[in-house]
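Novice: any chance you could fold what I've pasted below:
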Amino acid sequence: MPKRVVTGVVTRDKAAKTRRVEVTRLVRHPRYGKILRRRTVCTAHDEENQSHAGDLVEIEESRPLSRTKRWKLLRVVTKGPTGVVASLAVGTGTDEANKAL
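Specialist: Residues are numbered from 1 along each chain as shown. Next up, the predicted model:
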């Protein structure tokens, strides 16, 4: 069975070899039909510490690596802007920071 691969934004890179990745998806409200933005927070293993906050990364499902880590970093899709950190992933930030994405 193939493993799931998802794309998300790194929002935290303080721990060694561990990244907090937020995966956003769009879902339709069951009754009203409005499109809603939902997010899932995944903790991923980054063996070489190659990703940093703000980067768009691809992660793959894996066996449990710790109490919370169930994902492995596959690759960094795009590097994030420097100086603009995790507030961008949740959509709170200045207009200039949002334009950077």
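Novice: phi, psi for L74 please.
Specialist: phi -90, psi -50 (degrees, to the nearest 10).
Novice: that one: neighbouring residues, count only.
Specialist: For L74, the neighbour count with other CB atoms under 10 Å is 15. For every residue, glycine as well, the C-beta is placed using N, CA and C.
Novice: show me the contacts for it.
Specialist: With CB atoms under 8 Å, 6 or more residues apart in numbering as the criterion, the residues that contact L74 are 5, 57-60.
Novice: go on, R75?
Specialist: With CB under 8 Å, 6+ apart, R75 has these contacts: 57-58.
Novice: and what of the one 3 residues further on?
Specialist: Counting by CB under 8 Å, 6+ apart, T78 makes contact with 55-56.
Novice: same question for C42.
Specialist: 6, 8, 20-23, 59, 70-71.
Novice: before we move on, the earlier item: mark which of the contacts of L74 are part of strands, please.
Specialist: Secondary structure assignment (DSSP state E) places 5, 57-60 from the contacts of L74 within strands.
Novice: okay if I get the residues you listed as a markdown table plus distance to R37?
Specialist: As requested, those are exported to a markdown table (distance: CB to CB, whole Å):
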| residue | distance to R37 |
| --- | --- |
| V5 | 21 |
| V57 | 19 |
| E58 | 20 |
| I59 | 19 |
| E60 | 23 |
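Novice: redo these as CSV? Include pLDDT, distance to T78 and neighbour count.
Specialist: Compiled in CSV, the ones in strands among the contacts of L74 are given as follows (pLDDT from 0 to 100; distance: CB to CB, whole Å; neighbours: other CB atoms under 10 Å):
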residue, pLDDT, distance to T78, neighbour count
V5, 97, 16, 11
V57, 97, 9, 25
E58, 97, 10, 15
I59, 97, 14, 26
E60, 97, 18, 16
